[in-house]
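Chemist: build the 3D model from these lines:
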Amino acid sequence: MLGRHIVRAMKTVRTAGLAAAGKKEGGASLMTWVNSETGPKTTHFWGPIANWGFVIAGLNDTLTKEPDTISPKMTGVLCMYSALFMRFAWVISPRNYILFACHVSNECVQLNQMRRWATWRYAQDPEEDPVLQIQESGKDK
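Modeler: Purely as a prediction, here's the structure:
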């Protein structure tokens, strides 16, 4: 019976020692990541960080700009760009999860912008919009 308590106490001491050692190595694991091939010393890290500017700009446009200022061509290009780079971020080795998350977010923002433009465009009265009058007159021929 006494032997069990001693073994249990030794396991507790060993576990506490490992936990303390892990705390000492916390700085080493941070430096390992900093110096890794995906750490902040590489374009694998800073490229995606810079790309978050597209997401922030799109969110800003969603909140501050009217749908008539949205360019459907540019929004479509940004949708294609993000779709291509989502694939790129997934297939490269090592996978770039920051880049993937950035382009998933941008794809959502740009699709929302396209939805806003389409809703605005199809709600317009053709008699009030000269562009729609030209398009409608071309369909009659």
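Chemist: what ranges does this protein have for its helices?
Modeler: 2-24, 26-34, 43-64, 72-91, 97-123, 130-140 (DSSP state H).
Chemist: show me what counts as buried in the second one.
Modeler: Taking 16 or more other CB atoms under 10 Å as the neighbour-count basis, helix 26-34 is seen to contain no buried residue. For every residue, glycine as well, the C-beta is placed using N, CA and C.
Chemist: got the angle for it vs helix 43-64?
Modeler: Calculated by axes from the mean of the first three to the mean of the last three CA atoms, to 10 degrees, helix 26-34 forms an angle of 80 degrees with helix 43-64.
Chemist: skipping adjacent residues, who's closest to Gly58 in space?
Modeler: Excluding the flanking residues, the one nearest Gly58 by CB to CB, 6 or more residues apart in numbering is Val109, at 3.6 Å.
Chemist: what residues are up against the one you found?
Modeler: Counting by CB atoms under 8 Å, 6 or more residues apart in numbering, Val109 touches 54-55, 58-59, 62.
Chemist: distance of the spatially most central residue of the chain relative to Ala89?
Modeler: Geometric centre of the chain, nearest residue: Cys102, 1.9 Å, by CA atoms, centre = their mean. According to CB to CB, to the nearest Å, Cys102 stands 8 Å off from Ala89.
Chemist: what touches both of those two?
Modeler: Common contacts of Cys102 and Ala89, defined by CB under 8 Å, 6+ apart, comprise Pro48.
Chemist: that older thread, weed out the non-buried ones from the contacts of Val109.
Modeler: 54-55, 58-59.
Chemist: which one among the contacts of Val109 gets closest to Leu78?
Modeler: Phe54 (6.9 Å; CB to CB).
Chemist: pLDDT value on the nearest residue to the closest one once chain neighbours are set aside, please?
Modeler: The shortest distance from Phe54 to any residue other than its chain neighbours is 4.9 Å, reached at Asn106 (CB to CB, 6+ apart). pLDDT for Asn106: 96.
Chemist: do Ala57 as well
Modeler: 94.
Chemist: can you get me a residue count around it?
Modeler: 13 (other CB atoms under 10 Å).
Chemist: same question for Pro94.
Modeler: 9.
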